[in-house]
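Colleague: Generate a structure from the sequence data that follows.
(one chain, ligands or ions: 1)
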Amino acid sequence: MTKMIQCISPVDGQVYAERPALSLSEAQMVAERARAAQAEWAARPLEERIALVKAGVAKLSEMKEQIVEELAWQMGRPTRYGGEFGGVNDRTEYMSSIAAQSLAPMVVEDSDRFLRQIAREPVGVVFIIAPWNYPYLTTINTLAPALIAGNTVVLKHASQTLLVGERLAEAFHAAGVPEDVFQNVYLTHDVTEALIQSRAFGFINFTGSVGGGAAIERAAAGTFTGLGLELGGKDPGYVMDDADLDAAVDSLMDGAMYNAGQCCCGIERVYVHESLYDAFVEKAVAWVKNLKLGNPFDAETTIGPMANKRFAHTVREQIAEAVAEGATALIDPALFPEDDGGAYLAPQILVNVNHEMRVMREESFGPVVGIMSVANDAEAIAAMNDSPYGLTCSLWTSDPERAAEVGAQVQTGTVFMNRCDYLDPALCWTGCKDTGRGGSLSVLGFYSVTRPKSYHLKKVTK
Ligand code: NAP
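Modeller: Residues are numbered from 1 along each chain as shown. Model prediction:
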């Protein structure tokens, strides 16, 4: 019997969209079509592929109104924040601008006697498995460079954002990208894993949870398929004694609460130098009290429901456990009467926390942040590193050298100074420890979706 994949809206708890999942044989036919279409696509001039990808993104931007509304229904993001078009356009533009240079052969010798060079070859079919939290941005990070580099792409989007893959495919096909070059599919986990096991792909980019990433790695074992695994985080902020306090509060609280805290590089724990601790906490509480929880279609709403009541339940459990273990919750939930015990969750700040508590160790992926006082850089570094994750850290100081010195000792993918919760398309988006492996964006993003091929051409016979 055909299984239906459903998106349950966090706005009203109703089924917002459903689509039939493909069987394994149907999915294999999709992969086969992608394989068959790849050589012709790769043979097109680079400039033509770039133009088509840019045209696809332009078509997507034309669908803005529909997409913003659909995002609110699917994952609860307030419509006042628009879609993800700024980032999607910037990243596509940037990756397009560096494509020729990134994909050009590295010439070691071009003399009368030899041509020795390392070229970049597309890997074939790239499989993207995407999460719901930034559904367009996380997809474009791989989709744009993969197509530009001459691969074909199969996309499996999250059930929670079921319509996102459909919209991307619609836009790209309308722009002239052939249907078999970019296909959107609806798959169960079992079929996804079986498809991977059947060696259908040259590279898989998985963005999602640690558990999901481990399942994909197991499915790919023995197939020698390249993997990019962009997984969870528990990103710290560290406010040093010479920081601009107001700027630190503004950015770190926004980094903790934006998108209802559902950002992979959202701030989940903050360490503040003891000299600024009390002032930081006081300002942070005032900042959070200004948030407006509510229906994402209401123009006043700054924090919508979490994408699924299951996610809000996890955050509530973490908060309750921490409080039972001695933490103090500084935000009275009565200030947020829209908290319905389901997907709508009041934001929270916890103090008197420690690293024994789940809320300071496990990813919360919700609107809660723990704040601790630290005496010096060494203590802050030890606390930041006391985590199974390593995606980003956000250092607040007026001294770039100190930031560089501290940053060098933090086990992380990206070091920020005086900013957070941001992706720079010119830098590699990557992580360490349980945050996964591989990298997207930047020149290294092109390396993920291509393989090196060496040419040693002797131009003379003696
Ligand atoms: P998720 O539950 O792991 O799902 C991510 C995607 O993988 C979805 O399309 C999901 O499909 C699919 N999936 C999960 N397990 C699978 C399996 N065993 N076999 C096949 N497909 C599987 O993660 P999420 O809740 O969507 O996203 C939130 C997580 O993503 C957080 O941990 C966040 O930190 C992380 N994230 C990381 C980054 C980064 O750059 N490092 C960026 C964004 C998000 P279904 O939806 O159908 O289950």
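
Colleague: quick one: is stretch 183-199 near the ligand?
Modeller: Yes: on the criterion CB under 6 Å from any ligand atom, stretch 183-199 is in touch with the ligand at 189, 192-193. For the C-beta atoms, the positions are set from N, CA and C on the backbone; glycine is no exception.

Colleague: Ala378 in helix, strand or coil?
Modeller: With DSSP: H, G, I helix; E, B strand; the rest coil as the basis, the three-state label of Ala378 is helix.

Colleague: Is stretch 382-390 in proximity to the ligand?
Modeller: No: against the ligand, stretch 382-390 shows no contacts by CB under 6 Å from any ligand atom, the least distance being 8.6 Å.

Colleague: likewise stretch 222-241?
Modeller: Yes: interface with the ligand: stretch 222-241 contributes 230-233 (CB under 6 Å from any ligand atom).

Colleague: So which residues make contact with stretch 323-331?
Modeller: The contact list for stretch 323-331, computed with CB atoms under 8 Å, 6 or more residues apart in numbering, reads 281, 285, 288-289, 319, 346-354, 356-357, 359, 370.

Colleague: Buried ones only from the residues you listed, please, as a ChimeraX command.
Modeller: To isolate the buried subset of the contacts of stretch 323-331 in ChimeraX, counting by 16 or more other CB atoms under 10 Å, use the following:
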select :281,285,288,319,346,347,348,349,350,351,352,353,357,359,370
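
Colleague: tell me the helices in the chain, going along the chain?
Modeller: 24-43, 46-62, 64-75, 85-103, 135-148, 162-175, 189-197, 210-220, 245-257, 277-289, 309-324, 377-385, 400-408, 442-448 (DSSP state H).

Colleague: Can you lay out the ones you listed as CSV showing mean pLDDT?
Modeller: Below are those laid out as CSV (pLDDT from 0 to 100):
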stretch, mean pLDDT
helix 24-43, 98
helix 46-62, 98
helix 64-75, 98
helix 85-103, 98
helix 135-148, 98
helix 162-175, 98
helix 189-197, 98
helix 210-220, 98
helix 245-257, 98
helix 277-289, 98
helix 309-324, 98
helix 377-385, 98
helix 400-408, 98
helix 442-448, 98
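
Colleague: Of these, flag the one that's most buried.
Modeller: Among those, helix 135-148 has the highest mean neighbour count (mean count of other CB atoms under 10 Å), at a mean of 28.

Colleague: Distance from the chain centre to that one, please.
Modeller: Between the centre of helix 135-148 and the centre of its host chain there is 11 Å, according to CA atoms, centre = their mean, to the nearest Å.

Colleague: Asp241 contacts Ala279, doesn't it?
Modeller: No: using CB atoms under 8 Å, Asp241 is not in contact with Ala279; the gap is 11.5 Å.

Colleague: Is the ligand within reach of stretch 336-347?
Modeller: No: Stretch 336-347 is not in contact with the ligand by CB under 6 Å from any ligand atom; minimum separation 14.0 Å.

Colleague: Quick one: end-to-end distance for that stretch.
Modeller: In terms of CA to CA, to the nearest Å, the two terminal residues of stretch 336-347 are separated by 8 Å.

Colleague: What of stretch 1-9?
Modeller: End-to-end distance of stretch 1-9 (CA to CA): 25 Å.

Colleague: One more: stretch 212-229?
Modeller: 9 Å.

Colleague: swap in stretch 203-211?
Modeller: Note: stretch 203-211 ends 19 Å apart using CA to CA.

Colleague: Run through the residues that contact Ile272.
Modeller: Slight slip there: residue 272 is Val, not Ile. By CB under 8 Å, 6+ apart, Val272 lies in contact with 238-239, 280-281, 371-374.

Colleague: Nearest to Ala34, out of those: which one, please.
Modeller: Of all these, Tyr238 has the smallest distance to Ala34: 44.7 Å, by CB to CB.

Colleague: show me the residues around the closest one that make contact.
Modeller: Contacts of Tyr238 by CB under 8 Å, 6+ apart are 270-272, 374, 380, 384, 393-396, 406.

Colleague: just curious, which of these is nearest to the ligand?
Modeller: Set against the ligand, the nearest of those by CB to the nearest ligand atom is Cys393 (14.0 Å).

Colleague: Flag every buried residue along stretch 290-306.
Modeller: 291, 293-296, 301-306.

Colleague: How about that stretch and the ligand, touching?
Modeller: No: remark: stretch 290-306 sits outside contact range of the ligand, by CB under 6 Å from any ligand atom, the gap being at least 10.9 Å.

Colleague: What is the end-to-end distance of that stretch?
Modeller: Using CA to CA, first and last residues of stretch 290-306 are 18 Å apart.

Colleague: Just give me how far it sits from the chain centre.
Modeller: With CA atoms, centre = their mean, you get 22 Å for stretch 290-306.
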